[in-house]
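Asker: Predicted model, plus sequence, below.
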Amino acid sequence: MQAMMQSPTATSLFTTYASLTGSIMLIRTMVDQLIPRPLRAYLLSIITYLFRNFLPIKTKKLTLVIEPQVGLVRNEIYEAAEVYLGNIIGPNIDKLKVGKIAKQKNFSLTIEKDQKVEDKFKLVDLTWEVVSQNVDSQKNGKEKIVFHLSFDKNFKDLVMNEYLPHVLSVAKVTDESNKAVKLYTKSLTSREHGGHGPGGWGCVILDHPATFDTMAMDYDLKKSIIQDLDKFLRRREFYRRVGKAWKRGYLLYGPPGTGKSSLIAAIANYLKFDVYDIELTSLHSDSELRRMLLSTSNRSIIVIEDIDCSANLQKRAPYTKFPRSGKEEDHYKPPQLSLSGMLNFADGLWSSCGEERIIIFTTNHKDKIDPALLRPGRMDMHIHMSYCSYESFRILASRYLGEFDNCRLLEEIEGLIENLQVTPAEVAEAMMRSEDPDLALQGVVDLLKLKKTEAEATNNQEKASVKDDIGNDGLKLEETSLAHTEKASVSQKNPRDEFGSNVWYFEE
Ligand SMILES: Nc1ncnc2c1ncn2[C@@H]1O[C@H](COP(=O)(O)OP(=O)(O)OP(=O)(O)O)[C@@H](O)[C@H]1O
């Protein structure tokens with residue numbers, strides 16, 4: 001008994017310690033080899049959870065700071081977190097923003113700054129916090145919202161390998177089920193306009209009702225655009241295989257009011273891609289354009305309207321080394337947007353930083369665009385939005401007037417419309433003047449007759465000026481001038497020839 005009460009010897013203590021250490025190492029090796037890493041993290045979380053009341057385990061917290069951008073590009077986890085947090089709001093939240101816009105199925109909930117949201121994943125407790133960082137608050141009051149995600153340091157692997165992918169996939173599903181197409185622009189400030197995007201983009205929901213069904217345009221052209229879009233979306237592997245950036249450029253050209261903007265909205269609604277509207281006039285340098293490109297998201301449409309007149313693209317290098325006078329300030333010429341910057345934007349190294357992007361340029365004057373911009377790879381498909389044909393008119397009429405049957409007026413419209421330069425916007429406006437289909441159609445006839453009279457007057461004026469020329473230059477030029485008169489009248493008869501064929505494009 002006495003012997004039993006004796007304290008253990010140093011040798012027995014050492015032996016026990018050695019065998020315990022050996023067993024632990026053996027168990028550890030077996031665990032490492034037999035239990036996969038994700039399962040290990042999960043088991044650890046279960047053990048910690050079960051023994052949380054018995055073991056005074058001191059947990060050390062780890063906080064991940066999630067910022068809107070990673071370097072110059074958008075942070076996917078940040079965007080996912082915004083959506084995800086709306087799904088896991090608990091009772092401890094005091095303040096929430098709620099919103100719903102026509103095309104959204106569900107209410108969208110946004111957590112206000114300084115609020116905390118608790119989450120549990122495989123028994124691990126996590127805390128999200130919305131933190132405001134004032135950036136340059138004295139200058140322009142801009143603030144940066146970041147997320148802090150805190151959890152027990154032991155579960156770093158579980159969070160990185162499983163929780164964050166879980167956040168991404170939940171956000172993707174939520175986004176798709178409640179997707180409303182957004183229109184991003186730099187001229188709106190972010191939060192107050194219902195959304196905010198990294199890179200200083202403000203956004204609104206694109207509530208444009210245009211679809212391919214509502215577009216009044218040549219049926220074959222419409223079909224070829226839809227087929228081109230579908231083909232583009234399913235060719236991810238093809239683009240990889242041939243070593244091309246997964247992007248597609250479209251040029252929409254034609255007179256004002258022929259539906260270029262409406263077609264952009266129809267494409268966005270068809271693909272459910274967000275639209276980034278880039279105003280070149282607000283940019284001062286190529287680097288600004290690059291930054292803008294990098295801050296757009298994948299699966300989006302980047303629009304540059306009126307490319308011919310929105311910027312005076314400089315062909316030369318943006319800086320000059322030579323002072324015009326001896327003054328110090330003349331050594332520096334502010335950087336400008338250059339043609340080479342634009343070419344790089346459309347199809348250079350920078351344009352490949354992103355996937356599934358569509359770049360759409362619009363213009364009323366295709367002939368004013370530098371041929372280098374028009375080439376395939378930059379503008380792959382050139383789409384001519386033309387004046388209203390009878391086919392386009394029928395599409396507009398069925399949408400604006402519904403069912404109607406007035407053969408006499410339809411025949412009259414068919415006879416007039418083909419030879420006139422009248423835009424779908426003008427025809428649509430004429431049809432909106434009355435709810436009575438007959439009166440609305442009569443309005444279209446009146447418009448077409450007016451257009452015809454105007455065209456004839458212009459034609460006569462041109463003929464008269466040609467006659468004046470003949471009078472001034474004497475009889476010797478008579479033959480040549482008469483030939484010119486004939487050509488002028490031919491071009492009046494075929495106004496659609498002005499923009500060439502309806503569509504042409506390059507196959508990859
Ligand atoms: N092809 C079309 N199909 C259906 N609607 C059209 C079409 N063209 C024009 N419209 C109608 O006319 C209006 C103006 O069209 P839109 O702004 O799309 O023309 P645009 O070519 O972009 O003009 P601009 O070059 O002046 O910007 C639209 O609201 C639309 O309702």
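Answerer: Looks like it arrived, so ask away. Numbers count the residues shown, from 1 in each chain.

Asker: Which residues are in contact with the closest residue to the ligand within the chain?
Answerer: Nearest residue of the chain to the ligand: Gly259, at 2.8 Å (C-beta to the nearest ligand atom). From N, CA and C alone the C-beta is placed, and that goes for glycine too. For Gly259, the contact set (C-beta atoms under 8 Å, 6 or more residues apart in numbering) comprises 215-217, 385, 424-425.

Asker: Also Tyr253?
Answerer: Shown in contact with Tyr253 (C-beta under 8 Å, 6+ apart): 260, 362-366, 382-385, 499.

Asker: switch to 10 Å and redo it
Answerer: Counting by C-beta atoms under 10 Å, 6 or more residues apart in numbering, Tyr253 touches 260, 307-308, 361-367, 369, 374, 379, 382-386, 499-500.

Asker: got it, and Val65?
Answerer: 131, 133, 146-149 are the contacts of Val65 under C-beta under 10 Å, 6+ apart.

Asker: Give me the buried entries from those residues.
Answerer: Neighbour counting with 16 or more other C-beta atoms under 10 Å marks 131, 146-147, 149 as buried within the contacts of Val65.

Asker: Just the ones of those in strands?
Answerer: 131, 146-147, 149 (DSSP state E).

Asker: Export the residues you listed to TSV and append columns for pLDDT and distance to the ligand.
Answerer: Listed next are those as TSV, based on pLDDT from 0 to 100; distance: C-beta to the nearest ligand atom, whole Å:
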residue	pLDDT	distance to the ligand
Val131	90	42
Val146	91	39
Phe147	93	39
Leu149	95	44
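
Asker: need those residues in TSV with distance to Glu429, can you?
Answerer: As requested, those are exported to TSV (distance: C-beta to C-beta, whole Å):
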residue	distance to Glu429
Val131	51
Val146	49
Phe147	48
Leu149	54
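
Asker: Number of residues surrounding Ala455?
Answerer: The number of residues packed near Ala455 is 17, by other C-beta atoms under 10 Å.

Asker: Distance of it relative to Val422?
Answerer: Applying C-beta to C-beta, to the nearest Å, the value for Ala455 to Val422 is 10 Å.

Asker: got the contact list for Asp32?
Answerer: Arg40.

Asker: same check, this time on Arg378
Answerer: Here Arg378 is in contact with 247, 249, 251, 342-348, 351, 359, 361, 372 (criterion: C-beta under 10 Å, 6+ apart).

Asker: In ChimeraX, how would I select just the buried ones from these?
Answerer: Buried members of the contacts of Arg378, identified by 16+ other C-beta under 10 Å, are gathered into one ChimeraX selection as follows:
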select :247,249,251,342,343,344,345,346,347,348,351,359,361
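
Asker: from the middle of its chain, how far away would stretch 254-269 be?
Answerer: Chain-centre distance of stretch 254-269: 15 Å, with C-alpha atoms, centre = their mean, to the nearest Å.

Asker: so after the helix or strand harbouring Leu252, what's the next helix or strand?
Answerer: If you go by DSSP states H and E, Leu252 is part of strand 247-253. Going down the chain from strand 247-253, the next helix or strand is helix 260-271, by DSSP H and E.

Asker: re the thing from before, distance of the residue of the chain closest to the ligand from Ala210?
Answerer: For Gly259, the distance to Ala210 - C-beta to C-beta - is 8 Å.

Asker: which residues do the two both contact?
Answerer: 265-266.

Asker: pLDDT score assigned to Leu420?
Answerer: According to the prediction, Leu420 has pLDDT 92.

Asker: just the one 4 residues further on next, same as before
Answerer: For Pro424, the pLDDT comes out at 96.

Asker: still on that earlier bit, out of the contacts of Val65, which is nearest to Asn269?
Answerer: Nearest to Asn269, judged by C-beta to C-beta, of the contacts of Val65 is Phe147 at 30.9 Å.

Asker: Show the contacting residues for the closest one.
Answerer: Taking C-beta under 10 Å, 6+ apart as the test, what Phe147 contacts is 64-68, 75, 77-78, 81-82, 84-85, 111, 117, 128-131.

Asker: so of those, which ones are in helices?
Answerer: 77-78, 81-82, 84-85 (DSSP state H).

Asker: Considering those residues, which is situated nearest to Leu337?
Answerer: Looking across those and measuring by C-beta to C-beta, the closest to Leu337 is Tyr78, at 29.0 Å.

Asker: Could you report the separation of that closest one from Leu164?
Answerer: 11 Å.

Asker: Between the two, which has more neighbouring residues?
Answerer: More crowded of Tyr78 and Leu164, by other C-beta under 10 Å: Leu164, with 20 against 17.

Asker: does the more buried one count as helix, strand or coil?
Answerer: Taken by DSSP: H, G, I helix; E, B strand; the rest coil, the conformation at Leu164 corresponds to helix.

Asker: My guess is it contacts Leu149. True?
Answerer: Yes - Leu164 is in contact with Leu149 according to C-beta atoms under 10 Å; the separation is 8.6 Å.

Asker: what sits in contact with each of these two?
Answerer: Common neighbours of Leu164 and Leu149 (C-beta under 10 Å, 6+ apart) are 64, 66, 77, 81.
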